[in-house]
Each structure stands twice: as structure tokens, then as C-alpha cells.
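# Build me a model:
(one chain, ligands or ions: 2)
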Amino acid sequence: GVLIEFDDVTKQYDGGTAALSGLTLRVRTGEALAVLGPSGSGKSTLLNLIAGLDKPTSGTVTVDGVRVDRLGEAASAQYRRRRIGMVFQFFNLLDDLTVLDNVLLPAQLSGVPRQKALQRADELLTYLGVARHAKAFPGRLSGGERQRVAVARALMNRPPLLLADEPTGALDTASGQEVRQLLTELNRDGQTLLLVTHDLALAEACATRTISLVDGHLAATGVPA
Ligand code: ADP
Ligand code: ADP
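Ligands and ions are numbered 1, 2, ... in the order given. Here you go, the predicted structure:
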């Protein structure tokens, strides 16, 4: 089915030109969509609208059957906890919590019983190849390992959608390759992904479809060669 649906979405910030302009877009369950585009083209705005962190000026945003543009603050926070996983360029891990506690956090916030959360965290850290670092603090890990921990945390509540904002942007060549491979495998295992990236190698390795934004408009669609 359709997981993300943008219908004629415009986002106009106060005093600016439209960051997104009449955008219509559908992403199906199981896709890995890469969103390319120069700085200022509307990519962050697109992510924020999907995550319910911002509202469109007009048009509708539906994700997993939820009218995200209509959610109030509390409902929006719950929507993010249950349906959206997010990973960022700079990982956004809490440096004074261990890897395991970072990964447990979303389950704690959702009231998942401790034993169940521990089991899920262990499963994810193993799947992502960082189980041996469970008791370490993120600062001791390589960039690639930190991003794998961030992905584990993002997947903790089994979100139907994983959003990634420049997930390889802060990584060296080897770590970047590691994370490209990991995201590709996740998608092959059925995880729907939306990646905002400048990393063409990531789009080529991982994306089932690529779109480009230019000045808030859809510029081109295609499957990378
Ligand atoms: P990208 O992520 O592709 O760099 P953005 O979505 O951040 O693009 O920005 C799209 C346009 O909207 C840019 O012209 C930017 O300056 C503008 N913009 C983004 N956020 C705000 C904001 N909070 N207030 C005003 N203008 C904004
Ligand atoms: P299943 O995949 O069979 O639903 P889960 O372990 O995902 O098994 O969830 C079963 C129970 O665990 C839920 O009924 C709930 O008590 C708890 N649970 C799991 N994930 C969440 C979540 N994101 N928010 C709240 N409770 C959850």
C-alpha cells in the first residue's frame, strides 16, 4: 500500500518564497526513496512535514493512514514515537548514556516493559553488528558504529518508516560504505526508507527510486543506474 502521501503540499515560511510548492508524492511500503537536491531546495522541510514537526501552509500529508498535518502536539509526539524512526548526519546519540541505554530510550518513552525492551535492544544491536559495544559510551565508537547504534535506536519501536537525513554525511569512506550497505540490507528486509542525501553512492546503492527537489518543486524522478 501507500505509506506516504503528499497531496498538493505547499509550505511557505513567513516572509519567504515557498520552501515546497504544490508537491504531490506517493511512497509505497517497501520503497527506499532517495531525495536529492541542492541546499535550500526544500529537503528538510519535506522531512519535517513527514515527521509532523511542522505543518504545511496548504495541502495534506498522510503517513501510514495518519493525517499528519492535522495532529496536535501530543498526538504528533505519539505519532513520531510509534511510526517514525529518524537518523541524522551527526547521530544525535546521548553521550552520557551507554549504547544500550540510548537504544532503550524510545521503548522507555513508550512504556514498553523493561524485559521486552531489553530483548528487542539486544536483537537489534546484534542484527546491526554492535552488540559488543552495548556497555560502552558512544564517544568510544567509530562514526560508522555510532550510526549503526542510531539506526538501532530508530528501529526500537518498529516504525513503519525510517527517515534518514544525510546519514553518511559525517562519515569517512569506509564507514560511509558500511552505512550504505546497512541501509540497503534493511530495505531488502522490508523496511521502508526515505533518505535525504547528497551522497550519490548512497542513492545508487540503496534507493529503489530517486527524486530531486529544485526550489520546492519535483525536478526529476528515476531509478539510479
Ligand atoms: P534544504 O533542506 O534542501 O536545504 P530547506 O527545506 O531547509 O532546504 O529550505 C527550503 C527553503 O526554505 C530555503 O529557502 C530556506 O531558506 C527556507 N527556510 C527553511 N526553514 C525556514 C524557516 N524556519 N524560516 C524561514 N525560511 C526557512
Ligand atoms: P508484536 O510485533 O507481536 O506486536 P511487540 O513486541 O511489537 O509484538 O508488541 C507487543 C506489546 O509490546 C504491545 O502490546 C505493547 O505492550 C508493547 N509494545 C511494543 N512496542 C510498543 C510501542 N512502540 N509502544 C508501546 N508499546 C509497545
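
# Quick check: residues of the protein near ligand 2?
Within the chain, the positions adjacent to ligand 2 are 82, 110-112, 116, 157-158 by Cβ under 6 Å from any ligand atom. For glycine as for every other residue, the C-beta is placed from the backbone atoms N, C-alpha and C.

# how about 8 Å then?
Taking Cβ under 8 Å from any ligand atom as the test, the list of the chain residues beside ligand 2 reads 81-82, 106-107, 110-113, 116, 120, 156-158.

# In helices only, show me those.
Of the positions in those, 81-82, 106-107, 116, 120 sit in helices, assigned by DSSP state H.

# okay, these in CSV with neighbour count next?
Output for those, formatted as CSV (neighbours: other Cβ atoms under 10 Å):
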residue, neighbour count
81, 17
82, 15
106, 23
107, 20
116, 10
120, 20
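
# and those as a markdown table, adding pLDDT and distance to residue 100?
Converted to a markdown table, these look like this (pLDDT from 0 to 100; distance: Cβ to Cβ, whole Å):
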| residue | pLDDT | distance to residue 100 |
| --- | --- | --- |
| 81 | 94 | 19 |
| 82 | 94 | 22 |
| 106 | 95 | 13 |
| 107 | 96 | 11 |
| 116 | 97 | 14 |
| 120 | 97 | 11 |
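
# Run through the helices of this protein in chain order.
Using DSSP H, helices in the chain cover 43-50, 73-83, 99-109, 114-127, 143-155, 173-188, 200-206.

# now for the shortest one, which elements pack on it?
Applying 3 or more Cβ pairs under 8 Å, 6 or more residues apart in numbering; DSSP states H and E, one finds that helix 200-206 contacts strand 32-36, helix 173-188, strand 192-196.

# so, in contact with ligand 1 or not, it?
No - taking Cβ under 8 Å from any ligand atom as the criterion, helix 200-206 and ligand 1 are apart, separated by no less than 14.9 Å.

# and what of stretch 15-25?
Yes - counting by Cβ under 8 Å from any ligand atom, ligand 1 has neighbours in stretch 15-25: 15-17, 19-20.

# list the buried ones in that stretch?
By neighbour count on 16 or more other Cβ atoms under 10 Å, the buried set for stretch 15-25 is 18-21, 23, 25.

# got it, and stretch 159-171?
In stretch 159-171, counting by 16+ other Cβ under 10 Å, buried: 159-169, 171.

# what is the rounded mean pLDDT of that stretch?
The average pLDDT for stretch 159-171 rounds to 96.

# right, is that stretch up against ligand 1?
No - counting by Cβ under 8 Å from any ligand atom, ligand 1 is not contacted by stretch 159-171; separation bottoms out at 8.6 Å.

# Can I get that stretch as CSV, trimmed to CA atoms?
Taking Å, rounded to 0.1, in the frame of the first residue of the first chain, the C-alpha atoms of stretch 159-171 are listed here in CSV:
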residue,chain,number,x,y,z
PRO,A,159,8.4,2.1,12.9
PRO,A,160,6.9,1.5,9.5
LEU,A,161,9.1,4.4,8.2
LEU,A,162,12.7,5.2,8.7
LEU,A,163,13.8,8.7,7.8
ALA,A,164,17.4,9.4,7.3
ASP,A,165,18.9,12.9,7.0
GLU,A,166,22.4,12.8,5.4
PRO,A,167,23.1,9.5,7.2
THR,A,168,26.6,9.2,5.6
GLY,A,169,27.4,13.0,5.6
ALA,A,170,29.8,12.9,8.6
LEU,A,171,31.4,9.5,7.8
